[in-house]
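Q: sequence unavailable; structure follows:
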């Protein structure tokens, strides 16, 4: 999951007090319809910046920072608010024990699939940091319409608690291979004058070929090894020829097994 950090909005570190939210996440929304789903993503950025100004300057608030921990936009991005390990001004009674995430949408707007998945990914990311997996709505803490009937229905039926879209995981395995192993290149000292940079995958394959050649040569020297051990045994009667040769052959076999595993990965 990609979280846009505070710094991307030109904000410095938050002045909010340290806290240890650990129970789960609380869903919020804006009090009016925003129509951001039909606008360019830049409108979401502008909204997030306006929200912080409003929270800090509104006479009924005058908070020291944006009130939320995070925000989820209709395009599927997560924006950092106060962020990890900070007290919020979002849900009285749970500002130090729960993280807050506001949907950048209003009461008449259905959260988009991308927005729902952004919340799911945020939840899983926070669980990975020791957070509890519960999901609640703002109205579970105080008397309010937030996060709206549509979003709250998704809280109650477990939609936000579902597994994130698997496209990111499926893509990662494929693109790590096709990207890191197939597209990037690295300089090699043994390349030809016209091919001084190889793909990492080509380097790995070449190393495998060279190692197999070495193993074949070692296997061909099996008789020589036994003869050498036999000579040593004549000088030191304590040497067990068969046992020592067996250990050497076992070591060679171990190298072969590890190489086979690497090539099959």
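A: Thanks, I have the structure now. Bear in mind the structure is a predicted one, so any value in this text is a computation, not a measurement. Numbering: from 1, shown residues only.

Q: next, count neighbours for the closest residue to residue 152 other than its chain neighbours.
A: Leaving aside its sequence neighbours, residue 152 sits nearest to residue 137 (CB to CB, 6 or more residues apart in numbering; 4.6 Å). (Each C-beta comes from the backbone N, C-alpha and C, glycine too.) Applying other CB atoms under 10 Å, we find 23 residues neighbouring residue 137.

Q: so what's residue 137 bridging to?
A: According to DSSP bridges, the partner residues bridging residue 137 are residue 27.

Q: let me see the contact set for it.
A: Residue 137 makes contact with 26-27, 146-147, 151-152, 155-156 under the criterion CB atoms under 8 Å, 6 or more residues apart in numbering.

Q: now intersect those with the helices, please.
A: Under the assignment DSSP state H, the contacts of residue 137 contribute 151-152, 155-156 to helices.

Q: dump the residues you listed to JSON lines, plus neighbour count.
A: Shown next, in JSON lines, are the ones in helices among the contacts of residue 137 (neighbours: other CB atoms under 10 Å):
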{"residue": "151", "neighbour count": "27"}
{"residue": "152", "neighbour count": "19"}
{"residue": "155", "neighbour count": "21"}
{"residue": "156", "neighbour count": "12"}
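
Q: how about the residues you listed in a markdown table, adding pLDDT?
A: Listed next are the ones in helices among the contacts of residue 137 as a markdown table, based on pLDDT from 0 to 100:
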| residue | pLDDT |
| --- | --- |
| 151 | 96 |
| 152 | 96 |
| 155 | 96 |
| 156 | 96 |
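
Q: could I get the residues you listed as CSV with distance to residue 88?
A: Formatted as CSV, those follow (distance: CB to CB, whole Å):
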residue, distance to residue 88
151, 18
152, 19
155, 18
156, 22
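
Q: out of those residues, who's nearest residue 85?
A: residue 155 (23.9 Å; CB to CB).

Q: contacting residues around the closest one?
A: Residue 155 makes contact with 27, 135-137, 147 under the criterion CB under 8 Å, 6+ apart.

Q: how close does the closest residue to it other than its chain neighbours sit to residue 79?
A: Spatially, and ignoring its direct neighbours in sequence, residue 155 is nearest to residue 137 (4.6 Å; CB to CB, 6+ apart). Taken as CB to CB, to the nearest Å, the spacing of residue 137 relative to residue 79 amounts to 20 Å.

Q: likewise for residue 109?
A: The separation that residue 109 has from residue 79, given CB to CB, amounts to 17 Å.

Q: between the two, who's got more neighbours?
A: Neighbour tally, residue 109 and residue 79, criterion other CB under 10 Å: the higher count belongs to residue 79, 26 against 22.

Q: list the strands paired with the strand or helix carrying the more buried one, with their directions.
A: Per DSSP states H and E, residue 79 falls inside strand 78-80. The strands beside strand 78-80 in its sheet (DSSP bridges) come out as strand 3-4 (parallel), strand 70-72 (antiparallel).

Q: what is the burial count for the closest residue to residue 118 other than its chain neighbours?
A: Spatial nearest neighbour of residue 118, excluding adjacent residues (CB to CB, 6+ apart): residue 72 at 4.2 Å. Using other CB under 10 Å, residue 72 has 30 neighbouring residues.

Q: my read: residue 72 touches residue 104, true?
A: Yes: if you go by CB atoms under 8 Å, residue 72 and residue 104 touch, sitting 6.8 Å apart.

Q: and the strands paired with strand 78-80, which one's lowest on average pLDDT?
A: The minimum mean pLDDT among those belongs to strand 3-4 (a mean of 93).

Q: look up how far residue 158 lies from residue 84.
A: Taking CB to CB, one finds residue 84 at 25 Å from residue 158.

Q: revised request: answer the last question for residue 76.
A: 20 Å.

Q: for the chain, which segments count as helices?
A: Going by DSSP H, the chain shows helices at 41-57, 113-127, 149-156, 167-175, 200-220, 222-235, 241-264.
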